[in-house]
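S.K.: give me a model of this one.
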Amino acid sequence: VKAIQGIVDVPLQIDSTIPEVLEAALRIYAGKPIVNSADAGGRLDLIDLAAQYDAKVIALCAKDGIPKDNDERMAYCQEMLERGWEQPDFVYVIGDAYVDHPSFGHAIISRILESHGYSVGLISQPDWKNPQSINIFGRPRLGFLVSGGNMDSMVNHYSVTKHRRKTDAFTPGGEMGKRPDYATIVYCNLIRQTYKDVPILIGGIEASLRRLGHYDYWSESMKRSILLDSQADILMYGMGEKSIVELADALNSGMEAKDITYVDGTVFKTSQLDESLPTIVLPSFEEVKSNKKKYAESFKIQYGNCDPFTAKRLAEPYGKEFVVQNPPQKPLTTEEMDAVYELPYERTWHPSYAKKGGVPAIEEVKFSLVSNRGCFGACSFCALTFHQGRIIQVRSHESILKEAELMVKDKDFKGYIHDVGGPTANFRHPACEKQLSKGACGGRQCLYPTPCKNMKADHSDYIALLRKLRKLPGVKKVFVRSGIRFDYLL
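M.R.: Numbers count the residues shown, from 1 in each chain. Presented below is the predicted three-dimensional model:
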């Protein structure tokens, strides 16, 4: 413990089956450690041990084997809460089943918070018709987190022709109907019925793409910022790893949610604009609602302010109130990306879903590897620029190979890596060198109508990565299933 703490500055998880070993480690630990793990059975006493040394503890909702149903699991959860977990720092309400895999946003956010010493209680697919369904953990110390899921709930429910889909890949057994339409709004209003003054932070793709006034295809109408209709305090857009830590630290320091207006990658509401900061005031919601040209003008301004290095604050008026969007978070470095994907994910769905055959969505990603984020392709049909931005962020070869080695050990692995990529598989570095310091060019595209002369088209790194993966013992073939830009390839 002393040796590792002398090298790294992140919290350590202390793991041993021997209580005396755990106590010895806790006694010499500098700071707030994490005990891995307690349960409602033979390891229940570890909650008391963690409390003795002011440590966090990972609590497994089990006793002697896997609980037979949700009621039994909740009973074990309640037993442990009564024993030592007075209240979690955050309660995270999600529209998907819980899958502890880095392709699922709720897994990344909860693991990131855990790595910074915060406790998170997850409520997956609560019964939105019953206000008690969000009271499992009681009142969180710092706030509620809410996400509609890995997909916008309306896309999840309806086809492009607005016919109801028959299955939900993000629900155990593919069962449809376990989340409401406009899930983020419904969950937040459910929380507000009981907790009037607890901060609510919303994120995920549904919140990210609805952060300002927007056209809603499903109702064929203009809708207000989801921040207003949900009654949330702060919206996180984009990927969120940096934003959530800054917000958690601010709330933990005692700041009120209404005063946290400085975090990049967030949206907040205010009655008074800060004149000391450069801010572009967009057409009001009433204008964009009644005038299609005004909406187009507003969207153009929004699209032009998606770059983390050049974007200005945007303010959208709603009567006497403003919804204010801060500039996006800065891109993750390779080291930061590696750290996100090397957190201790279980890499599968929660064992309570076994009776229903698990969660179908895992099949698409279980043997796939994320190598990059962002896209400078600028396809007119794609909203990725609005969410991940144009600047490419990548993981190191070492990090990807390490994840592949874990994958090979999986009992279901048959030797085939299904994908190595991201939004665009063959983008393994920024379009040009200046993007990492000055951002992407405003008003211009990297590939259209002709490739920019400064663009660096080089596939050597990606090809080298694919070859390294193919040489791993146990790997037969490596496929690329993400999109490939053939104009960039040529």
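
S.K.: excluding chain neighbours, what is closest to Met455?
M.R.: Ala431 (5.1 Å; C-beta to C-beta, 6 or more residues apart in numbering). C-beta: built from backbone N, CA, C; applies to glycine.

S.K.: try Ser352
M.R.: Per C-beta to C-beta, 6+ apart, closest to Ser352 is Arg73, 5.7 Å.

S.K.: cool, Leu227 as well?
M.R.: In this structure, Leu227 finds its nearest non-sequential neighbour in Leu235, 4.7 Å apart by C-beta to C-beta, 6+ apart.

S.K.: what about the one you found, how many residues nearby?
M.R.: A count of nearby residues for Leu235, using other C-beta atoms under 10 Å, gives 30.

S.K.: just to check, Met239 is in contact with Arg373?
M.R.: Yes - with contacts counted by C-beta atoms under 8 Å, Met239 reaches Arg373, the gap being 6.9 Å.

S.K.: anything in contact with each of these two?
M.R.: Residues touching both Met239 and Arg373 by C-beta atoms under 8 Å, 6 or more residues apart in numbering: Leu332, Gln388.

S.K.: between these two, point out the one with more neighbours.
M.R.: Taking other C-beta under 10 Å, Met239 and Arg373 do not tie; Met239 has more neighbours (25 against 22).

S.K.: what sits against that one?
M.R.: Applying C-beta under 8 Å, 6+ apart, the residues contacting Met239 are Ile108, Gln329, Leu332, Arg373, His387, Gln388.

S.K.: try it again at 7 Å.
M.R.: Met239 makes contacts with Arg373, Gln388, as judged by C-beta atoms under 7 Å, 6 or more residues apart in numbering.

S.K.: now it: how far from Val10?
M.R.: Computed as C-beta to C-beta, to the nearest Å, the Met239 to Val10 distance reads 19 Å.

S.K.: so where do the helices sit in the stretch 151-300 of the chain?
M.R.: For the stretch 151-300 of the chain, the helices defined by DSSP state H, counting those that start in this stretch cover 153-157, 183-194, 205-208, 226-230, 241-252, 285-290, 292-303.

S.K.: give the closest residue to Lys438 in space, chain neighbours not counted.
M.R.: Nearest residue to Lys438 in three dimensions, chain neighbours excluded: Phe309, at 5.8 Å (C-beta to C-beta, 6+ apart).

S.K.: so how far is Glu336 from that neighbour?
M.R.: Phe309 is 17 Å from Glu336, by C-beta to C-beta.

S.K.: next: Asn150.
M.R.: 21 Å.

S.K.: these two: which has the busier surroundings?
M.R.: Comparing Asn150 with Glu336 by other C-beta under 10 Å, the one with more neighbours is Asn150, at 22 against 14.

S.K.: count the residues that sit near Ala250.
M.R.: 18.

S.K.: which residue is the nearest non-sequential neighbour of Ser110?
M.R.: In this structure, Ser110 finds its nearest non-sequential neighbour in Val120, 4.6 Å apart by C-beta to C-beta, 6+ apart.

S.K.: now do the phi/psi pair for the one you found.
M.R.: phi -130, psi 120 (degrees, to the nearest 10).

S.K.: tell me the contacts of it?
M.R.: Taking C-beta under 7 Å, 6+ apart, one finds Pro88, Asp89, Phe90, Tyr92, Ser110, Leu113, Glu114 in contact with Val120.

S.K.: in helices only, show me these.
M.R.: Ser110, Leu113, Glu114 (DSSP state H).

S.K.: Ile260 is in contact with Ala250, correct?
M.R.: Yes - proximity of Ala250 to Ile260 meets the contact threshold set by C-beta atoms under 7 Å, at 4.8 Å.

S.K.: about what we covered before: most neighbours, which of the contacts of Val120?
M.R.: Neighbour counts for the contacts of Val120, by other C-beta under 10 Å, peak at Phe90, which reaches 26 neighbours.

S.K.: wait, it sits on Gly143?
M.R.: Yes - using C-beta under 7 Å, Phe90 and Gly143 qualify as a contacting pair, with a distance of 6.0 Å.

S.K.: in stretch 239-249, what counts as buried?
M.R.: In terms of neighbour count (16 or more other C-beta atoms under 10 Å), stretch 239-249 has its buried residues at Met239, Gly240, Glu241, Lys242, Ser243, Ile244, Val245, Glu246, Leu247, Ala248.

S.K.: no no, stretch 250-267
M.R.: In terms of neighbour count (16+ other C-beta under 10 Å), stretch 250-267 has its buried residues at Ala250, Leu251, Ala257, Ile260, Thr261, Val263, Gly265, Thr266, Val267.

S.K.: still on that earlier bit, can you give me the neighbour number for the residue nearest to Lys438?
M.R.: Phe309 has 16 nearby residues by other C-beta under 10 Å.

S.K.: same check, this time on the one 5 residues further on
M.R.: A total of 23 residues lie near Leu314 under the criterion other C-beta under 10 Å.

S.K.: state the distance from Ile392 to Glu433.
M.R.: Using C-beta to C-beta, one gets 12 Å for the distance from Ile392 to Glu433.

S.K.: again but with Ala248, I slipped
M.R.: According to C-beta to C-beta, Ala248 and Glu433 sit 34 Å apart.

S.K.: mean pLDDT added to the helices of the stretch 151-300 of the chain, as CSV?
M.R.: As requested, these are arranged in CSV below (pLDDT from 0 to 100):
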stretch, mean pLDDT
helix 153-157, 96
helix 183-194, 97
helix 205-208, 96
helix 226-230, 98
helix 241-252, 97
helix 285-290, 97
helix 292-303, 96
